[in-house]
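K.L.:
take this sequence and fold it.
(4 chains)
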Protein chains: 2
Amino acid sequence: MTIDNRAPHSNAESVDVARDDLRLEKFLPYRLSVLSNRVSNAIAQAYGARFDLTIPAWRVMAILGRFPDLSAAELVEQTAMDKVAISRAVSSLLKNDYITRSEDPADRRRQVLNLSELGRDVYERIVPLAQQYENDLMGSLSAEERQQLDSIIEKLMDRAQAWAERGLID
Amino acid sequence: MTIDNRAPHSNAESVDVARDDLRLEKFLPYRLSVLSNRVSNAIAQAYGARFDLTIPAWRVMAILGRFPDLSAAELVEQTAMDKVAISRAVSSLLKNDYITRSEDPADRRRQVLNLSELGRDVYERIVPLAQQYENDLMGSLSAEERQQLDSIIEKLMDRAQAWAERGLID
DNA sequence: TAACATTGGTTTCAATTGTAACCACTGCTG
DNA sequence: CAGCAGTGGTTACAATTGAAACCAATGTTA
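P.N.:
Take a look at the predicted model:
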């Protein structure tokens, strides 16, 4: 991977070592970030407008829709979201009556969360919406590409995960 | 562009409800977001610690390193970052003496930005660091996969871009 | 050339987010 | 069962971010 792409340099009879410039628009972390933001924002706007939901709140609902009777700590595990983010999402969902919270008599610190009736309604209306977006995205790929993407993401995720655990590179 | 892409319900036992649940961990927007955050944070931590740089500030430097004499507005174009984010990044970079700013005599609203000596030093130290991370990421993929990823991202980006322009789906 | 629209860039204010401290409860160890 | 470490969850506060208002310079139109 040899790239000699030097930018038009203003002054200087620069000896200009074939400087190893960074091409941001080809830099994977950058591209991922742009892509991810575009996608998430578009979708969030779609459901955020209709119902009153932030991204973290919707994530909590998405998990509770599939796995009832979770505690906040279990949500943390499932979503990889932060403790505090969960707490805030939960309290806003309670305000909306989208979820219910009940004490666990066996452990009075623990609170069991579930979608409420209303919450499940909303959930069931958002799911197809979300799937529509995903289908539209995926629709721009061939079946083969979809599968490739799936496995590629998996690999990248593992690698990035490793950074977080071991103290990064060197 | 209608696709009936029902989740493959690949798992066995769950007799349960045949509800059309959303499997967050398979949902592309979600995975992208997690991946992107992991990657960006790891890298940002690496250079943020050594030099005093935020992600947007580093992005500005990355662009200026390749394309001297840009104005803030041109940075906005190049990076797809927000106007305000650029303004703040620029002002923090000025504080660090990583960039210089000079008036354009032809248009006194416009300010021309460049890496300073110090800034270029830092830039040239960060570039290999960033590339090291990218190489490490890419190293988990085969050459073929890398190329696939490149083209896939391109396609997804276009699609997401389209959402932003036309008023989303339906 | 007086009015008005546009562009480049900054400031202000509110909302979102992250970090750390914090309470309440549990469970272990002596 | 007293003491104390660990857990579940919230609160407080600082830093980041985004939207909109804003100022100053330029361009355009009549």
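K.L.:
could you check how far the one residue in chain A that gets nearest to DNA strand C is from DNA strand D?
P.N.:
Residue nearest to DNA strand C within chain A (Cβ to the nearest atom of the strand): residue A:108, separated by 3.5 Å. For the C-beta atoms, the positions are set from N, CA and C on the backbone; glycine is no exception. Between residue A:108 and DNA strand D the distance is 10 Å, computed by Cβ to the nearest atom of the strand, to the nearest Å.
K.L.:
that residue: what secondary structure?
P.N.:
In three-state terms, and counting by DSSP: H, G, I helix; E, B strand; the rest coil, residue A:108 is strand.
K.L.:
quick one: name the residues of chain A near DNA strand C.
P.N.:
A:54, A:55, A:56, A:82, A:84, A:85, A:88, A:107, A:108, A:109 (Cβ under 7 Å from any atom of the strand).
K.L.:
would you confirm that the first one contacts residue A:93?
P.N.:
No. Proximity of residue A:54 to residue A:93 does not meet the contact threshold set by Cβ atoms under 8 Å, at 9.7 Å.
K.L.:
more neighbours: these two, which one.
P.N.:
Between residue A:54 and residue A:93, counting by other Cβ atoms under 10 Å in any protein chain shown, residue A:93 is the more crowded of the two (27 against 16).
K.L.:
which stretches in chain A count as strands?
P.N.:
Using DSSP state E, the strands of chain A run over A:99-104, A:107-115.
K.L.:
shaky segments in chain A?
P.N.:
Applying pLDDT under 70 to chain A flags residues A:1-20, A:165-170.
K.L.:
ok, how many other residues are close to the nearest residue to residue A:83 once chain neighbours are set aside?
P.N.:
Distances taken as Cβ to Cβ, 6 or more residues apart in numbering or on different chains place residue A:76 nearest to residue A:83, at 5.7 Å, with adjacent residues excluded. For residue A:76, the count of nearby residues is 17 (other Cβ under 10 Å).
K.L.:
from memory residue A:76 sits against residue A:82, does it?
P.N.:
Yes. Contact criterion Cβ under 8 Å: residue A:76 and residue A:82 qualify, at 7.4 Å.
K.L.:
what do those two both touch?
P.N.:
Residues touching both residue A:76 and residue A:82 (Cβ atoms under 8 Å, 6 or more residues apart in numbering or on different chains): there are none.
K.L.:
list the residues that contact the residue nearest to residue A:83.
P.N.:
Residue A:76 touches A:82, A:83, A:86, counting by Cβ under 8 Å, 6+ apart.
K.L.:
one more: residue A:101?
P.N.:
Residue A:101 neighbours (Cβ under 8 Å, 6+ apart): A:90, A:94, A:111, A:112, A:113.
K.L.:
skip the chain neighbours and tell me the closest residue to the third one.
P.N.:
Translated: residue A:111. Closest to residue A:111 by Cβ to Cβ, 6+ apart is residue A:101, at 5.0 Å.
K.L.:
that neighbour and chain B, how far apart?
P.N.:
21 Å (Cβ to the nearest Cβ, to the nearest Å).
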